[in-house]
Structures are given as C-alpha cells and as structure tokens.
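S.K.: pasted the sequence and its predicted model underneath.
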Amino acid sequence: MNPAAAPYQGNLQYAVDIVLCIDATGSMNPVLGSVKESALTFQQRLEAVMRDKGKAISQLRVRTVAFRDFGDNEDDAIEQTGFLTLPEQAEEFRGFLGGIQARGGGDRPESGLEALALAVGSPWESGLDRRRHVIVMFTDAPAHPLGGPHSALQRYPAAVPRSADELFERWGYAGSQEAVMEQSAKRLVLFAPDEEPWNEMQEDWDMTLHFPSKAGHGLEEFEMDEIIDTIANSL
Amino acid sequence: MKLGDIVGGYRITTQPTNAGGGKCMWAFAEKDGERGGEEYFVKQFLAPKLPRPGGGGSERSRLARLRLCEEFEERHRSIMGRLKPDVHGAGHLVLATDFFAHGSTYYKVTARIDTSTLEKPQLLEPRHKAVLLKTLAVSLNLLHGIDIVHGDLKPANVLVQRYGGNSFHVAKLIDFDDSYLSGSPPGRDDIAGDSLYGAPEWRGYVQGDESVQPRQLTTAVDIFALGLMTHHYLTGSLPRYDDRFGSPADAVNARADLRLDPRLTDPMQNLLRRMLSRAPSSRPRASGVISALKDPNVCALQHRRPGTADGTSGSTSRGSTGSGRPDAAAAPRADGAPDGPPRTSRLRTNVPGPTRPRTTTDKPSAGPPAGDATRVSRVRINLGDRRGAGPRTKPTGTARPLDTRNDQEDTTT
C-alpha cells in the first residue's frame, strides 16, 4: 500500500488477539527455544500470508501466559503479560519470551488448565468490525484438575474457576449466556499430548483443534502454520 | 480424528490438518475394509459438539447444545434437500456423499477430487477461458435457481480440473457450508465471507450498517465475487483500485473506481461493470452471465492503442483514479501477448473453506438428535444414489467423457 495514502475510514477492520499458553517446565527444555523463536516470527509470517492473499489485519495483539506447576512452586507457576500490540510492542514481547526459562514442574501433570482459564478470561478486543480470538496451548504434559488442593494456595489466581465444568461453561457454545468469549471469534489450538484433559477437551469443546505432541518432541520444527491457517483462512 | 482412526466407516489415511481451512480439520480416507479403493475427503466440523455423558457442563447447557445440534443437522438437510444431483449443472458442484456424527463430532464426506492449480488461467485461449467461466457460472446458476447463496465464493473454493487430456479446464465449486437462503443470511457476527471477494452489501452488513438489512444479502452477493473472479481468470489480476481501500468492495462502497483491465473486450467490460455494481439489483443473474459467455471471443484480451478512447481503463464508477491495488497482481503486458503457456502444476485437492451452513428455514426438530452420546451416532443423511450424476454442462469442442469420479456429488451441507 502506498504509505502516503491514508486508509479509507470505511474499510473493513479486522482485529486478531492471540494468547500463547506456554509450558515452561523442565521437560519442555528441548523445544522451548523453538516455540519462542516461532512466536517471535509469527507476526511477520502472518502478515506475509495475509499479504499474499491481498488482505491485511488492522490490529494484532499477543499475550503470553507461561506456566509451570502450583504444586511444585506457587511463586513461579504463572508468568504472564497483558496484550501487547504488534509490531509496536515487539521489543516487550521479545523481552518477556527471552526471559522464560524451562525449569521445575515437579510431577508430570502441570498447571495447564490454570493457564488456559486465565487465557479464556483475557480482555479480548471487542471493537473493530471482525475479530479472531485465538488461544494456543503448548505443552508436553497432562494437567492437574481444577479445584484440587493447589487451588487453596495463596498465590493461586482467584480468577481461575474451581471446576472443569465451570471452565467449560466459560468457553461456552453458540448462544451461551455464560460464555466469556465471542463465539464467532474464538479458536483454541492445542499442541498437547493425547492425554487428559486435552484429548477430552477436543471431544467436548467446540472450535478446538488438537495437534497431539509427545513429551519433549513434536514442537522442534513447529512453525505456527496451523495457527496462521486458523486466522488467515477465515478472514 | 487421527491418522489410522476409523470414523463413521472411513479409515483416515492422511494426517489430519487444518491447512487451507479456517474452521475445520480434514483428511483423506478410504472406506474401512476397502484398501486401495476409492478415496474420500473427510471434513471434521469444529462446532457444534454433541454432548457426551460426563462431557462437562450443566444439564441446562447440555439441552441447549442438543438444540444447537438439531439445528445444525436440519440446516444440512435443508441445503442437501435442495441440491439434487440430477439437475442441470449439478455435475460441477462437489456435493457431499455422507454426513454423520461420530462420537461428539460431525463429519462430512465428499469424493476426493484431485485437480491441478491453473497458475495462469489468463493465458488460456479465449474459448478455454469461456468454458472455465461457464462451468462456474452454471454451478452458481443452479444454486441461485433454488435460492441458495454460496456465500463464500473465492478462488480457494473453486477447483479447476482439466477436462480430459490437454483440452479444457472446468471449474468445480466446493464448500457450501456457509450457504444460506437468499435474503436470509446468518447474523452479522456469524456470516462467513472473504474480505477480498465480499460484496459491498456484505461488508456493510458485517460492519453493522443498519441501512443494510438481511433481505439485501441475496444471490447478487455471489455475482459480485464472480465478477472479481472473472476478471482474475481473464487477466491474472483483480480490478485495480485506490491504495486507500482494503478491497474492491470498500472502493465500490466509497463510490470510487474499480479500474478494469483495458485489454478486456467491450462486451466483457460491460458485463463486469454490471457484475461489480454497487447496487445488487443492477448485477445480472448467473443465467445472464452464461448468456454473455456464449461467444468465447468476449473472453479475449486485445491490444488497444494507448491514447485512444478504447485504450483507457474501463471503470465501474466515477471518482478517484489512484494507483490501484492489488499491488501484488501481475501487471498486464502492454501487448497483451502471453508470456508463456498456461502452466498447470502443484497437485491440489478439495481443501475446504470455512464451515457453518446457514439457512433461515432452519427449525429445531422435535426430540434430540439421533445418536446422542453414542460413539458413532448415525445421524447419517441418506443421499441416495448421488454417484451416477454426471455433469450436464459439457465443454464444447471435445468429445471426451468426463471422469465420473470427479462428478460424484455431494453436498456439503
């Protein structure tokens, strides 16, 4: 587009919000670098795909929720940002991702559902003409159930629902009164093992895509094509 | 759905993917127990989900989700009931052969159609271009004749298939999952459509313009997209428009020019101007487009001497004359000469577009959907013998029979 030409005010405006839920426990060490690198190049890749289609996104924001395990260490179980607008806040995004270290985790299940719950409750964009709200989960582990003993910990987020049923209702379905996300905008993309709760989530939650991963494997060459497809092909 | 799974009697033979689709997963498959037999394209819908025992949520939400599933099935039945494989032109619609729920999830099956992406349709001879466009227009004419709007017409939803040897290419229209009855579209937040190929009234509707009411979204929405695709197929690019606009419809809504390729014949420019009109009522019907394509010479590109009246670009409206978009579009050669033979490459298959069929005659049926909570719910829709239908519209100038495998019907929903 000619930079001298101000966009016409009546153009259709698209907003894309993405929340990356990243498992930052020790077992993710072999693949965390790849996930972070892909996240950092995501904006350029998405823009290139959209440009090839003759389209553009009016506003792109990314939020990151890194998680470990409340049962192992409640102090570093969640590290997160608010929504960062790209490319304006790319350095802040890069800085946060660069600071995520794979460590801890304790037992095999992690606090992935807590991260997902925080993602669902994000302050999603409600303006512009059309929106895509995408949550992406990267993990190689199953998750502790909600409402367990960890939920009594001091640092446990109050915003996290106390049961899987409650989280399910917050995700919602068409016409739901309890859903906190916009039905036509939402997508959940799971890069997670074929284990509970992720495989059950694929069965019961709508607008959810599950790409099974194996512990320590499967995300090394991840290039976010699946995420780009969920966005670029529906705008 | 995973590689090796058997879903509703189909063995999944490729890794499921969402490539090319925004709201679905898909894979290829063969019927269980028929190794080496016919191949199928299996599309997995992301919504709605049939509630499962212990699947989460309250009883109230379970009942609400069951109602959604009933409506979803009814929408499919409604569209499929209207699309008969034995009517004129149905051979170029890729209709579903099966639709069922497996566990909590809905699936749709069509025959696998291998086509080749025609990289430069603009380099085809005029009569070949005419055949390609006519087969597409005939499919639309069929849909529109039964009051169905495709709703997401764009190149990704048209499979170009070589029609026997090195002769003609025909267009196969796919993915009716966003179809709706003319004048009765889904809600403003729910309606599908492509931001580049969307019609002016579609954009106004999506943007919440109260002056655009649902009744104004008619089959003319498809005609606008067909106009853009026609320009693309004939010239290799979309009509040009000012940089300030995000799409042709944005420009048209602002009453700015869409500048047609000056190499297009006068009859074609006239046709395209009408197809790309701001007012839906000014656009021709699909039958009118077919009539206009009877003479293949209208599809020719011709040299016009610069500076002559005929050498100026045709415009669809008066207004600004910016540098034009899309920038990535191939600039037409001044002499209009082909820069090489049309290349057919890269195997392409029936990758779906977004999902969600809609009709406004959808009414919840009594009782829960069949198969609730069973692993394989046979809500299968009986399509009868849809496999014998061959295309009724055949390209002229060739006596070669169509590959009947590629004419196997079925509906998407």
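M.R.: Noted; the coordinates are in hand.
S.K.: can you report how many residues neighbour A:Gly98?
M.R.: 10 (other CB atoms under 10 Å in any protein chain shown). For the C-beta atoms, the positions are set from N, CA and C on the backbone; glycine is no exception.
S.K.: let me see the ranges of the strands in the stretch 101-250 of chain B.
M.R.: Applying DSSP state E, counting those that start in this stretch to the stretch 101-250 of chain B gives strands spanning B:105-111, B:114-118, B:148-149, B:158-163, B:168-173, B:180-181.
S.K.: as a markdown table, those with mean neighbour count, mean pLDDT and distance to chain A would be great.
M.R.: As requested, the strands of the stretch 101-250 of chain B are exported to a markdown table (neighbours: other CB atoms under 10 Å in any protein chain shown; pLDDT from 0 to 100; distance: least, CB to the nearest CB, whole Å):
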| stretch | mean neighbour count | mean pLDDT | distance to chain A |
| --- | --- | --- | --- |
| strand B:105-111 | 25 | 92 | 7 |
| strand B:114-118 | 18 | 68 | 14 |
| strand B:148-149 | 26 | 94 | 18 |
| strand B:158-163 | 22 | 84 | 15 |
| strand B:168-173 | 24 | 88 | 18 |
| strand B:180-181 | 24 | 92 | 15 |
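S.K.: in a markdown table: the ones you listed, plus distance to A:Leu146.
M.R.: Shown next, in a markdown table, are these (distance: least, CB to CB, whole Å):
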| stretch | distance to A:Leu146 |
| --- | --- |
| strand B:105-111 | 24 |
| strand B:114-118 | 46 |
| strand B:148-149 | 43 |
| strand B:158-163 | 45 |
| strand B:168-173 | 46 |
| strand B:180-181 | 39 |
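S.K.: out of these, which gets nearest to B:Pro284?
M.R.: strand B:148-149 (15.6 Å; CB to CB).
S.K.: off-centre distance for that closest one?
M.R.: 11 Å (CA atoms, centre = their mean, to the nearest Å).
S.K.: cool, and stretch A:119-128?
M.R.: For stretch A:119-128 - counting by CA atoms, centre = their mean - the centre lies 12 Å from the chain centre.
S.K.: measure B:Ser61 to A:Gly121 for me?
M.R.: 18 Å (CB to CB, to the nearest Å).
S.K.: of the strands of the stretch 101-250 of chain B, which approaches A:Ala102 most closely?
M.R.: Of all these, strand B:105-111 comes closest under CB to CB, at 33.8 Å.
S.K.: okay, now the sheet partners of that closest one, with direction.
M.R.: Applying DSSP bridges to the sheet, strand B:105-111 is found paired with strand B:39-45 (antiparallel), strand B:98-102 (antiparallel).
S.K.: reformat the ones you listed into TSV and put mean neighbour count next to each item.
M.R.: Formatted as TSV, the strands paired with strand B:105-111 follow (neighbours: other CB atoms under 10 Å in any protein chain shown):
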stretch	mean neighbour count
strand B:39-45	23
strand B:98-102	24
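S.K.: name the element the residue of chain A found nearest chain B belongs to?
M.R.: Nearest residue of chain A to chain B (CB to the nearest CB) works out as A:Ser234 at 2.8 Å. Following DSSP states H and E, there is no helix or strand that holds A:Ser234.
S.K.: ok, how many other residues are close to it?
M.R.: 22.
S.K.: same question, A:Trp124
M.R.: Considering only other CB under 10 Å, A:Trp124 is surrounded by 20 other residues.
S.K.: local confidence estimate at it?
M.R.: On the pLDDT scale, A:Trp124 is placed at 98.
S.K.: for it, helix, strand, or coil?
M.R.: For A:Trp124, the secondary structure call by DSSP: H, G, I helix; E, B strand; the rest coil comes out as coil.
S.K.: so where's chain A uncertain?
M.R.: Applying pLDDT under 70 to chain A flags residues A:1-5, A:214-223.
S.K.: how far off centre is the longest helix seen in it?
M.R.: Using DSSP state H to assign secondary structure, the helix with the most residues in chain A is helix A:29-52. Mean-position distance between helix A:29-52 and its chain equals 13 Å (CA atoms, centre = their mean).
S.K.: outside of the following helix or strand past it, which residues touch it?
M.R.: For helix A:29-52, the succeeding helix or strand toward the C-terminus, using DSSP H and E, is strand A:59-67. For strand A:59-67, contacts defined as CB atoms under 8 Å, 6 or more residues apart in numbering or on different chains pick out A:13-24, A:39, A:42-43, A:46, A:77-86, A:93, A:96-97, A:100, A:110-112, A:114-115, A:118-119, A:122, A:125, A:128.
S.K.: which parts of strand A:59-67 are buried?
M.R.: Applying a neighbour-count criterion of 16 or more other CB atoms under 10 Å in any protein chain shown, one finds A:Leu60, A:Arg61, A:Val62, A:Arg63, A:Thr64, A:Val65, A:Ala66, A:Phe67 buried in strand A:59-67.
S.K.: by contact count, what packs against the helix or strand just after it?
M.R.: Downstream of strand A:59-67, the next assigned helix or strand under DSSP H and E is strand A:78-80. Contact partners of strand A:78-80 among helices and strands, from 3 or more CB pairs under 8 Å, 6 or more residues apart in numbering or on different chains; DSSP states H and E: strand A:59-67, helix A:112-120.
S.K.: export these to CSV and append columns for distance to B:Asp98.
M.R.: CSV is the format used below for these (distance: least, CB to CB, whole Å):
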stretch, distance to B:Asp98
strand A:59-67, 39
helix A:112-120, 34
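S.K.: if I look at B:Asp189, how far off is A:Pro7?
M.R.: For B:Asp189, the distance to A:Pro7 - CB to CB - is 23 Å.
S.K.: got the CA positions of stretch B:284-291 in CSV?
M.R.: Output of stretch B:284-291 as CSV, limited to C-alpha atoms (Å, rounded to 0.1, in the frame of the first residue of the first chain):
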residue,chain,number,x,y,z
PRO,B,284,-27.0,-9.6,-13.8
ARG,B,285,-28.2,-13.1,-12.8
ALA,B,286,-26.0,-16.1,-13.3
SER,B,287,-28.1,-17.0,-16.3
GLY,B,288,-27.2,-13.7,-17.8
VAL,B,289,-23.5,-14.3,-17.3
ILE,B,290,-23.8,-17.6,-19.0
SER,B,291,-25.6,-16.0,-22.0
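S.K.: any bit of the longest helix of chain A sitting next to chain B?
M.R.: Yes - applying CB under 8 Å from any CB of the partner chain, one finds helix A:29-52 touching chain B at A:Arg51, A:Asp52.
S.K.: what's the angle from that helix to strand A:59-67?
M.R.: Here the directions of helix A:29-52 and strand A:59-67 differ by 170 degrees (axes from the mean of the first three to the mean of the last three CA atoms, to 10 degrees).
S.K.: looking at B:Ser61 and A:Gly121, which is more packed in?
M.R.: Neighbours per residue (other CB under 10 Å) separate B:Ser61 from A:Gly121, with B:Ser61 holding more: 21 against 17.
S.K.: list the contacts of the more buried one.
M.R.: Contact analysis of B:Ser61 by CB under 8 Å, 6+ apart lists A:Glu169, A:Tyr173, A:Ser176, A:Glu178.
S.K.: can I get the residues you listed in a markdown table with neighbour count and distance to B:Gly37?
M.R.: Output for those, formatted as a markdown table (neighbours: other CB atoms under 10 Å in any protein chain shown; distance: CB to CB, whole Å):
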| residue | neighbour count | distance to B:Gly37 |
| --- | --- | --- |
| A:Glu169 | 21 | 44 |
| A:Tyr173 | 23 | 37 |
| A:Ser176 | 18 | 42 |
| A:Glu178 | 15 | 46 |
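S.K.: those residues also near chain B: which ones?
M.R.: Okay, of these touching chain B (CB under 8 Å from any CB), that's A:Glu169, A:Tyr173, A:Ser176, A:Glu178.
S.K.: where does the third one sit: helix, strand or coil?
M.R.: What that stands for is A:Ser176. Going by three-state DSSP: A:Ser176 is coil.
S.K.: ok, it to B:Lys134 distance?
M.R.: Taken as CB to CB, the span from A:Ser176 to B:Lys134 is 46 Å.
S.K.: same deal with the first one?
M.R.: Taking CB to CB as the criterion, A:Glu169 is separated from B:Lys134 by 51 Å.
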